[in-house]
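Undergrad: Fold the following.
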Amino acid sequence: MSRKIVVGFDGSEAAHRALEFATGRAKAQGDSIVVAHVLEWSPYSFLTPNELEERHKRRNEELSRAETAILAPVVAKVEAAGVSVTAVLKYGHIAETLVQITKDENAALIMIGRMGHSGLSSRIFGSVAGTLAQVAPVPVTIVP
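TA: Residues are numbered from 1 along each chain as shown. This next block holds a predicted model:
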């Protein structure tokens, strides 16, 4: 039975490790991969109409750059490995958006790379991995 694996991908070394791990698993088990890139975006409601228009323009440019520079090369790499792959690019809170993508795609698993950050900042602000471990509706694999 083919399942979908959502891989949180930001272009980092950790994300590449997670994608490589997911590709190997998907190939071995006949699963498919959804490469999910989430750009954080704050909806400022106090901006003027001109500022909102400029911000919308920058957002579209950022989406286009992310699709071309980040997603297209990794999708091609996964396809070359013989694994079925799609890509999703969204704005939002990273963990919450990955959960929503997982639900939308009816995925069975989320994989992310561990960034290696620890210490006070992670304890105060939390981490994507920590949040996913608490709220994800499916198992989460954190690739070291």
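Undergrad: Give me the helix or strand of this structure that scores worst on average pLDDT.
TA: Taking mean pLDDT, DSSP states H and E as the measure, the helix or strand of the chain with the lowest value is helix 120-125, at a mean of 47.
Undergrad: Give me the helices and strands touching the helix or strand just after it, please.
TA: On the C-terminal side of helix 120-125, the closest following helix or strand by DSSP states H and E is helix 128-135. Taking 3 or more Cβ pairs under 8 Å, 6 or more residues apart in numbering; DSSP states H and E as the contact definition, the neighbouring helices and strands of helix 128-135 are helix 94-105, strand 109-113, strand 140-143. C-beta coordinates here come from the backbone N, C-alpha and C atoms, glycine included.
Undergrad: and among the ones you listed, the most buried is which?
TA: By mean neighbour count, with neighbours taken as mean count of other Cβ atoms under 10 Å, strand 109-113 ranks first of these at a mean of 25.
Undergrad: From the contact counts, what lies against it?
TA: Using 3+ Cβ pairs under 8 Å, 6+ apart: strand 109-113 touches strand 4-8, helix 13-29, helix 94-105, helix 128-135, strand 140-143.
Undergrad: For R55, which of the ones you listed is the nearest?
TA: Using Cβ to Cβ as the criterion, the shortest distance between R55 and the helices and strands packed on strand 109-113 is 18.7 Å, found for helix 94-105.
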